[in-house]
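here's my sequence, what's the structure:
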Amino acid sequence: MKAIVSGASGFTGEKLLKRILVDQDYTKVYALVRKKLSINHPKLEQIIIDFESFTSEQIPSEIDVAFCCIGTTIKKAQTKENFRIIDYEYITKFAKVCEEKEIGNFHLISAIGASTESYFFYQRVKGEAECFINSLEFESVTIYRPSVIYGGRKEFRLFESFAAWISRNFKFLFIGKMNRILAVTGDQLAKTIHIKSKQFIPGRWIIESEEISCTY
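Below is the predicted model:
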């Protein structure tokens with residue numbers, strides 16, 4: 001199989017990229033990046049892009065699987081407008097290009113509680129991106145809705161550290177659907193996406209955080 005990864009320089013995207021590079025079932029992996037990654041691998045081809053001018057001519061044909069790991073936080077983006085550019089416009093542009101290239105299997109990292117009707121701006125934008133992607137002509141779409149993602153980030157995040165501590169020490173208190181709010185590691189999320197990408201089940205699928213947290 002051939003794959004393309006957008007957001008490969010991000011926390012989870014990099015972990016996913018490394019996983020599929022060592023998977024013998026993936027023979028070629030394209031990474032869309034703003035600047036070249038330090039990762040070197042014979043199967044990896046890095047494509048330097050600017051999402052403001054990104055078109056389908058910039059990526060090759062005959063790709064089997066697309067992974068969208070694009071995402072930021074409102075704090076990093078600094079404004080809601082900038083956040084929407086990254087978490088909606090860039091994501092939907094990538095998805096549209098993948099549709100034009102007739103990629104059948106699309107995987108998106110979204111967020112817990114994503115909904116077009118959410119009261120919260122973050123979840124509402126995520127829900128709008130999901131809705132757009134589900135409307136495209138992909139044979140299979142799998143959307144992952146993790147809770148807080150933690151595990152060895154370069155920068156310290158107080159809330160993330162607290163959520164990770166709760167998840168590690170008090171997991172037994174979260175029963176049934178309460179598992180959904182438990183934090184997951186970047187490795188758990190990357191492994192779940194990797195596994196699901198090889199199953200290729202036609203349709204539209206939502207993978208909630210409790211399923212991700214069960215991956216070891």
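
pLDDT weak spots in this protein?
150-182, 213-216 (pLDDT under 70).

any idea where the helices of it begin and end?
11-21, 74-77, 80-84, 91-100, 121-134, 158-169, 186-197, 209-212 (DSSP state H).

quick check: which of these is nearest to residue 59?
helix 91-100 (6.7 Å; Cβ to Cβ). Every C-beta, even on glycine, is put in place using the N, C-alpha and C of the backbone.

helices and strands around that closest one, which ones?
Identification of packing neighbours for helix 91-100 by 3 or more Cβ pairs under 8 Å, 6 or more residues apart in numbering; DSSP states H and E yields strand 65-68, strand 105-109, helix 121-134.

and the angle from the last one to helix 91-100?
Going by axes from the mean of the first three to the mean of the last three Cα atoms, to 10 degrees, helix 121-134 is angled at 10 degrees with respect to helix 91-100.

residues contacting helix 121-134, please?
74, 80, 83-84, 87-88, 91-92, 95, 106, 108, 110-118, 141, 143, 204 (Cβ atoms under 8 Å, 6 or more residues apart in numbering).

CA atoms of that helix as CSV?
C-alpha atoms of helix 121-134 as CSV (Å, rounded to 0.1, in the frame of the first residue of the first chain):
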residue,chain,number,x,y,z
PHE,A,121,-16.0,26.7,19.5
TYR,A,122,-13.2,24.0,19.5
GLN,A,123,-15.6,21.1,19.3
ARG,A,124,-17.9,22.9,16.8
VAL,A,125,-15.0,23.5,14.3
LYS,A,126,-14.0,19.9,14.7
GLY,A,127,-17.5,18.8,14.0
GLU,A,128,-17.8,20.9,10.9
ALA,A,129,-14.6,19.4,9.6
GLU,A,130,-15.9,15.9,10.2
CYS,A,131,-19.2,16.8,8.5
PHE,A,132,-17.4,18.1,5.4
ILE,A,133,-15.2,15.0,5.1
ASN,A,134,-18.1,12.6,5.5
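
okay, the angle between that helix and strand 105-109?
Using the same axes, to 10 degrees: helix 121-134 against strand 105-109 is 180 degrees.

mind listing what's buried along helix 121-134?
122-130, 133 (16 or more other Cβ atoms under 10 Å).

next one: the shortest one
Of the residues in strand 65-68, those buried by neighbour count under the rule 16+ other Cβ under 10 Å are 65-68.

kindly report the same for stretch 67-76.
Neighbour-count burial for stretch 67-76 [16+ other Cβ under 10 Å]: 67-72.
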